[in-house]
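Trainee: no sequence on this one, just coordinates:
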């Protein structure tokens, strides 16, 4: 009888050990799967900056078909100033961007700071005045999720684009007559997922009255 109790004890200990080992293995597998998924969804800051530089180059060279490849199904929103109006700012689809060269339609992009006059331009005109109005590739200081300068316009990029990342190209003021207020900034906003960065916003910024 004593031997039977000993045998039962040994079997019980072995069963507990096996269950514990199985749980550890299961936990480890979950951690591994989670890490793999995280790596799959991630895009490095360096890759994001390279994408941003290429996008600015496409704007500059009027390479609209290549530019459209970065735009997802939700479209691309354009904001003339730091405040992003999610209900009024122009949102363009990838096909619209692809066909920019053949479009002469004038769109309402917002209002000019100071005068309040409507910004009514063709897409190419808007790009020239509110996207590539400075040499951001050569002169721009680059940062991610930071502002190198703030104007007096409300900057709501975090609220307008939650869970997104942006690359800022900043050019500091150079003309002493303006005491540094002639700075300019361009922010490209990306939604990152599944190892890919999708361009969702283009925000122009400068000193406002």
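Mentor: Okay, I see it. Bear in mind the structure is a predicted one, so any value in this text is a computation, not a measurement. Numbering: from 1, shown residues only.
Trainee: burial count for the nearest residue to residue 65 once chain neighbours are set aside?
Mentor: In this structure, residue 65 finds its nearest non-sequential neighbour in residue 98, 5.3 Å apart by Cβ to Cβ, 6 or more residues apart in numbering. Bear in mind the C-beta positions are built from the backbone N, C-alpha and C, glycine included. When neighbours are defined as other Cβ atoms under 10 Å, residue 98 has 17 of them.
Trainee: residue contacts, residue 98?
Mentor: The contact partners of residue 98, taken as Cβ atoms under 8 Å, 6 or more residues apart in numbering, are 64-65, 68.
Trainee: any idea how this structure splits into domains?
Mentor: Using automatic domain parsing, the domain parsing of the chain gives 1-41, 43-206.
Trainee: how about the helices in this protein?
Mentor: Under the criterion DSSP state H, the chain contains helices at 2-41, 45-61, 64-68, 94-98, 123-130, 136-139, 157-160.
Trainee: what residues are recorded as beta-bridge partners of residue 196?
Mentor: Bridge pairing for residue 196 (DSSP bridges) gives the partners residue 193.
Trainee: could you check the pLDDT of it?
Mentor: Note on residue 196: pLDDT of 91.
Trainee: shouldn't it be in contact with residue 43?
Mentor: Yes - if you go by Cβ atoms under 8 Å, residue 196 and residue 43 touch, sitting 7.0 Å apart.
Trainee: so which residue is dead centre in the chain?
Mentor: For the chain, the residue sitting closest to the mean C-alpha position, by Cα atoms, centre = their mean, is residue 190 at 1.8 Å.
Trainee: isn't that one up against residue 163?
Mentor: No - contact criterion Cβ under 8 Å: residue 190 and residue 163 do not qualify, at 10.7 Å.
Trainee: having no further points to raise, I will conclude here.
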